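Visitor: return atomic coordinates for the entry below.
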Amino acid sequence: MKLYKRENYLRKIRGFYDADDIIKVITGVRRCGKSSLMEMIAAEISEKGVPQENIIYIDLDKRGFKNIKKADALEQCIEERGTAKGLKYLFVDEIQNVEGFEEVINGFRTEGDWSIFITGSNSYLLSGELVTKLTGRYLEFEMYPLSFGEYVEMKKYYGKPVDTNKQAELSNYILEGGFPRTVLFDDVSDKRKYVQGVINEIFEKDIRKRVKIRKKETFEIVRQYIINNFGATTSVNSICQALNKNGLNIGKTTVSRYIKALVDAKILYECSRFDMKSKKSLSGEKKYYLSDLGFYYANNTDNRINYGPVLENITYIYAKSMDYSVSVGRIGKLECDFILRDNNMNYSYVQVSYTILASEETEDREYRPLEMIKDNYPKYVLTMDTLFQHRNGIEHVNLAEFVEKGERF
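Guide: Residues are numbered from 1 along each chain as shown. Modelled structure (predicted):
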């Protein structure tokens, strides 16, 4: 089956295709499309005229490679396939299956003539071992599940029906989630079963093997509580208090460990709060967003959409996929939903709401925090409105259209 191209990610990596001194590490939550992206990269390199013998692709989850568990076996496998002259392109998928892979990969990097791409279990690759053993000679390219724009384009690509009503189609996206494989299923219950399978796979392969969890039931309760409260300002203390009120006796250390496991597995993303007057990060309270809304809807029977946190979550993950650093801003007693910073140290400020047209009070609530910010960086109010309010140079835009077009802030 021909793959749908994730151009947003290919564009970021293309400039490094031939870099033999930098290991390209593709990370992201399981089943977000890392392996497919690597196949796309290999195909593009082949289309440039690179001979097939110079492209070595090793998928350690597939037959023929599953017995490779030790560093020596991996090294031998690469050497047997890497006999061509000139620059060779090495792709190793699911590299966490090999104990001590870092030394092998770094050894080939130091030889030159090897452009190396790897993917694997995110909780392993981001655990710090990669940082210390690959001596900083790598770049991380983080992937996310499909954005709304990618979701629509992928459905069109595979001939799936797309609702012409943008808000209805956004609701489909919210309820189904953005895992690429779900697009190919026609039945919503099949889509949810698939996401439930992803959740179980992450627990077994990315969490259970690396985190000591004595009571799976307790972990499940903590996981579900945090997922059910995505987008809410919270702290370890408040989580413990809420769980203890419901009869679960659990300490702060355990909750912190479980949260870290969920963040390492990229089910959750942690968004810190930033005080704009003191220019300091605020400790304690944070917001947690989901890498994919399917993690919430696949395990909840209620299909009602609470648009406040849902639209925030879509905006947060979209901004991350566009390489913005994201934090929540506090301005005195007011709060700005997101402060974005790009790689050139330019800022943008974003408020997210379902609508601001309900009342003057609603409009003021969303505009006032942005009006308190005195610099001249762009400011946005993202809503589902189709009629737009103009006020003090702040851009009021339709969130679905903005994200679908792949606009930058």
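Visitor: check contacts around Gly251.
Guide: Taking Cβ atoms under 8 Å, 6 or more residues apart in numbering as the definition of contact, the neighbours of Gly251 are Cys240. For every residue, glycine as well, the C-beta is placed using N, CA and C.
Visitor: give me the phi and psi angles of it.
Guide: Here the main-chain torsion angles of Gly251 (degrees, to the nearest 10) amount to phi -100, psi 170.
Visitor: any idea how far it lies from Leu243?
Guide: Note on Gly251: its distance to Leu243, by Cβ to Cβ, to the nearest Å, is 10 Å.
Visitor: strands of the stretch 301-409 of the chain, start to end?
Guide: If DSSP state E, counting those that start in this stretch is used as the criterion, the strands of the stretch 301-409 of the chain fall at 325-331, 334-341, 347-352, 379-383, 395-398.
Visitor: mind naming the longest strand for the chain?
Guide: Ranked by residue count and defined by DSSP state E, the top strand of the chain is strand 280-290.
Visitor: quick one: mean pLDDT over it.
Guide: Strand 280-290 shows an average pLDDT of 82 in the prediction.
Visitor: got it, and stretch 21-34?
Guide: For stretch 21-34, mean pLDDT is 94.
Visitor: give the buried residues for that stretch.
Guide: Residues of stretch 21-34 classed as buried: Ile23, Lys24, Val25, Ile26, Thr27, Gly28, Val29, Arg30, Arg31, Cys32, Gly33, Lys34 (neighbour count, 16 or more other Cβ atoms under 10 Å).
Visitor: chain center to that stretch, what's the gap?
Guide: 11 Å (Cα atoms, centre = their mean, to the nearest Å).
Visitor: return the alpha-carbon coordinates of it using CSV.
Guide: Listed in CSV are the C-alpha atoms of stretch 21-34, where the atom choice follows Å, rounded to 0.1, in the frame of the first residue of the first chain:
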residue,chain,number,x,y,z
ASP,A,21,28.3,12.8,11.5
ILE,A,22,24.8,13.1,13.0
ILE,A,23,22.5,10.2,14.0
LYS,A,24,18.9,11.0,13.2
VAL,A,25,16.6,9.8,16.0
ILE,A,26,12.9,9.6,15.3
THR,A,27,10.8,9.6,18.5
GLY,A,28,7.1,9.8,19.3
VAL,A,29,4.3,7.8,20.9
ARG,A,30,3.9,4.3,19.7
ARG,A,31,1.9,3.9,16.4
CYS,A,32,2.2,7.6,15.5
GLY,A,33,3.9,6.7,12.2
LYS,A,34,7.7,6.6,13.0
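Visitor: and the strands of the stretch 301-409 of the chain, which is most packed in?
Guide: When neighbours are counted by mean count of other Cβ atoms under 10 Å, the highest per-stretch mean among these falls to strand 379-383, a mean of 24.
Visitor: what packs against that one?
Guide: Packed against strand 379-383, as judged by 3 or more Cβ pairs under 8 Å, 6 or more residues apart in numbering; DSSP states H and E, are the following elements: strand 347-352, helix 360-372, strand 395-398, helix 399-404.
Visitor: okay if I get the strands of the stretch 301-409 of the chain as JSON lines plus distance to Ile314 and mean pLDDT?
Guide: Formatted as JSON lines, the strands of the stretch 301-409 of the chain follow (distance: least, Cβ to Cβ, whole Å; pLDDT from 0 to 100):
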{"stretch": "strand 325-331", "distance to Ile314": "13", "mean pLDDT": "90"}
{"stretch": "strand 334-341", "distance to Ile314": "12", "mean pLDDT": "94"}
{"stretch": "strand 347-352", "distance to Ile314": "8", "mean pLDDT": "97"}
{"stretch": "strand 379-383", "distance to Ile314": "9", "mean pLDDT": "98"}
{"stretch": "strand 395-398", "distance to Ile314": "13", "mean pLDDT": "97"}
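Visitor: what's the closest of the ones you listed to Leu175?
Guide: strand 347-352 (18.9 Å; Cβ to Cβ).
Visitor: how near is Asp20 to Ile26?
Guide: Using Cβ to Cβ, Asp20 is found at 17 Å from Ile26.
Visitor: just the helices in the stretch 201-350 of the chain please.
Guide: With DSSP state H, counting those that start in this stretch, the ranges of helices along the stretch 201-350 of the chain come out as 216-228, 236-245, 252-264, 294-297, 307-321.
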